[in-house]
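A.B. asks: Sequence and predicted model, in that order:
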Amino acid sequence: MPVDILRTAPTDVTDADLKDPALVKLRDLIYRISGIYHQEVKFYLLATRARRRMTVLKSLNFTDYLDHLTTRPNRDAEMRSLLNEITIGETYFFRSLAQVDALTKIILPKLMGMKAKQSFKKLRVWSAGCSTGEEPYSLSILLMEQLAAKGKEWSFEILATDLNDNSITKCKEGVYGEYAVRNLTPDRRLKYFTQEGANFRVNEEVRAGVKFERLNLQDQTKMLFMKGFDLIFCCNVLIYFDGTAKKRTVDHFFNGLIPGGYFFLGECETLFGIYEQFRLVHFPGTTGYYKQIPGEEAGGAA
Amino acid sequence: MNPATHKMLLRRVSEIGSLPAMPSILQSLGESLSANPSDANVDRIVELISYDKSLAAQCLRVANSAMFRRRNDVETVKGAVVALGLWKIRDIVYSCTLPTLLSSPKEGMAPTTFWRHALGTAMVTQHLAQKLAITSLEKFYLAGLLHDIGIVVNAMLFKNEFHMVLSKAAGTETPLCEVEQEMLGFTHCDSGRVLADTWKLPEEIAHTIEFHHVPTEEGAGIELACTVHLADLLCRLRGLGYGYYEARAFDLASEPAWQLLAASHPAALELDLARFTFELDEHAVHVEAMVDSIFGGAKVHA
């Protein structure tokens, strides 16, 4: 459900809820388990989503709900349900404009500079856990725009994978509602979509750059073959994995990237305490992870 | 700063007029605080602050704001001094007084933009020093607050030229000091040093002002300069910069300043920098509220 609808919908979240120290504990628990960090400005959302689970469980306050998440026998399943609530409505086109700026102004020029001397000028991108397709299609639009100015010898390829068959079907349909396109400029809506009643269909040229496949990130054999990417995006997927699975999956991403490539998580996710080989990089308004080139001086990401 | 630049800068300042004077309250406060904290005359400091009614009210608002507040609100200047301690009161008085130096928007950089950066850097410097488990914290906030004071000098004394510097820096998405060096022949670090000497600021703070862009330079304030350098970068990366996009990325843990600090403060190796960044965003909201309060007289809220 769209975030802004959630904000205006009637809710039983009170001011007392937002000041409840147990909510801070809940935030810290979610961070420890999933790597998702809720800033104070998002406490309203966190409380709303937790309250929804609490209604199901008939749990009356956050302290009791914390108990459900930490000491009750079904705690793992409950954490999963809560994470589901938390990540609902997280995806739309051009979701993170800071990330778009980092890509266009810093990362793509750097990657293209690196590849300029190669005869095969192609950028390869993987959207791992692509959900309903907004992320890979946004990347396709962005890369089309950025490469257009660079001449015909440049091309790109986006691989978009998800575990869920329904998601892949939805991706291939490429039809989206108003909510998904709300962050797109009118120019981009007109240029890359065809309006069908209240919906927007992704145009053929945008689709052409994206290949969709069903893939389980836990499939060790298939993961071994995922190689040679310049950029990998994996938004709100790792949060569902336990520590070992997270580490193993990120290790596959690391090995799947070319040296000098970048890895991105969801906006509030981090790899802290999970994986050490990437370098955390700060871009204006956003962060990402960098795979160093062997022999490169520290700080090569910048 | 090399002697030739120093000489040129002094000559240019004397041709134009004179450097901004240190606000008198800060001079008197400095004298009262220069003694050993245990010898400082609390009543004299309370009297100094209370003399200017609007300053006293401002200080109380800030003392009760989310940036400084302890558990209970303070209602009198004396109460604030007792609850927060002399160093914090000094920080608050500086935070409320310095913005009067550059408060007119004619000088090229919006005063609110500049003071958000100054107060933001002050706060992040202090938080970072705490996270690194640095023990004597008295000068960190103040060093952060004053690090860019040379921008005030440049904006006031070299108005037209600085205006052009700013336009070029914004247009080319380049760091300010690079464009200053190119167009003025000196940077805000140099003019800040000259002002720090005139104001007779403590050497560590003067050193930080001069070297916050090359912070590993040997000197009395090397740790202070390194911490301010990192806080300055973080603020510029998280929306508390100079009001324009700087197309740069940073691997903070590879910064020489970070490595120098980490060598003597092992807590740095344990620090979750991604989470620290999210926390910075939370504080940024309070910084903005505080600056709005200083300029607009609006009430500061949590």
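C.D. replies: Yes, it's here. Numbers count the residues shown, from 1 in each chain, chains lettered A, B, ... in the order given.
A.B. asks: Could you list the low-confidence segments of the chain?
C.D. replies: Went with chain A since none was named. When residues are selected by pLDDT under 70, those of chain A lie in A:1-11, A:89-90, A:299, A:301-302.
A.B. asks: I was thinking of chain B, sorry if that wasn't clear
C.D. replies: Using pLDDT under 70, chain B drops low at B:34-40, B:70-71, B:105-107, B:296-302.
A.B. asks: can you do 80?
C.D. replies: Low-confidence segments of chain B (pLDDT under 80): B:31-41, B:66-72, B:102-108, B:294-302.
A.B. asks: how about the residues of it near chain A?
C.D. replies: Contact residues (CB under 8 Å from any CB of the partner chain) of chain B with chain A: B:173, B:233-234, B:236-239, B:241, B:245-255, B:272-275, B:277-279, B:281-282, B:285. Heads up, the C-betas are built off the backbone N, CA and C, glycines and all.
A.B. asks: In strands, which of these appear?
C.D. replies: Of the positions in the residues of chain B next to chain A, not one sits in strands, assigned by DSSP state E.
A.B. asks: Narrow the residues you listed to those that are buried.
C.D. replies: Listed as buried from the residues of chain B next to chain A are B:233-234, B:236-239, B:241, B:246-255, B:272-274, B:277-279, B:281; burial here means 16 or more other CB atoms under 10 Å in any protein chain shown.
A.B. asks: Just give me the neighbour total for A:S140.
C.D. replies: With neighbours defined by other CB atoms under 10 Å in any protein chain shown, the count for A:S140 comes to 25.
A.B. asks: swap in the one 5 residues further on?
C.D. replies: Look at A:E145: counted by other CB under 10 Å, it has 13 neighbours.
A.B. asks: correct me, but A:R52 touches A:I86?
C.D. replies: No - assessed by CB atoms under 8 Å, A:R52 is found out of contact with A:I86, at 10.2 Å.
A.B. asks: quick one, phi/psi of the spatially most central residue of chain A?
C.D. replies: Among the residues of chain A, the one closest to the centroid is A:C235, at 2.0 Å (CA atoms, centre = their mean). A:C235 adopts backbone torsions of phi -100, psi 120, taken as degrees, to the nearest 10.
A.B. asks: just checking, it touches A:G129?
C.D. replies: Yes - taking CB under 8 Å as the definition, A:C235 is a contact partner of A:G129 at 6.6 Å.
A.B. asks: between A:R52 and A:I86, which one's more packed in?
C.D. replies: More crowded of A:R52 and A:I86, by other CB under 10 Å: A:I86, with 22 against 16.
A.B. asks: which residues does whichever residue of the stretch 51-200 of chain A sits closest to chain B contact?
C.D. replies: In the stretch 51-200 of chain A, the residue that lies nearest chain B is A:K105 (4.4 Å; CB to the nearest CB). With contact set as CB atoms under 8 Å, 6 or more residues apart in numbering or on different chains, A:K105 has these partners: B:E173, B:Y245, B:A247.
A.B. asks: Also A:Q277?
C.D. replies: By CB under 8 Å, 6+ apart, the contact set of A:Q277 is A:D251, A:F254, A:K291.
A.B. asks: neighbours around the residue found closest to A:G177 once you drop the neighbours it is linked to in the chain, how many?
C.D. replies: What sits nearest to A:G177 in space, not counting adjacent residues and going by CB to CB, 6 or more residues apart in numbering or on different chains, is A:N199, at 5.9 Å. A:N199 has 14 neighbours, counted by other CB under 10 Å.
A.B. asks: Was I right to think A:N199 contacts A:V175?
C.D. replies: Yes - if you go by CB under 8 Å, A:N199 and A:V175 touch, sitting 5.2 Å apart.
A.B. asks: which residues sit in contact with residue 206?
C.D. replies: Reading this off chain A. A:V206 sits next to A:Y137, A:S140, A:I141, A:M144, A:G174, A:Y192 when contact means CB under 8 Å, 6+ apart.
A.B. asks: Oops, wrong one, chain B.
C.D. replies: The contact partners of B:A206, taken as CB under 8 Å, 6+ apart, are B:R193, B:A196, B:D197, B:G221.
A.B. asks: do the same with B:T198
C.D. replies: Listed by CB under 8 Å, 6+ apart, the contact set of B:T198 reads B:L19, B:M22.
A.B. asks: about what we covered before: ok, now how distant is the residue nearest to the centre of chain A from A:G35?
C.D. replies: Using CB to CB, to the nearest Å, A:C235 is found at 12 Å from A:G35.
A.B. asks: ok so A:T287 is a strand residue?
C.D. replies: Yes - when DSSP: H, G, I helix; E, B strand; the rest coil is applied, A:T287 is found to be in a strand.
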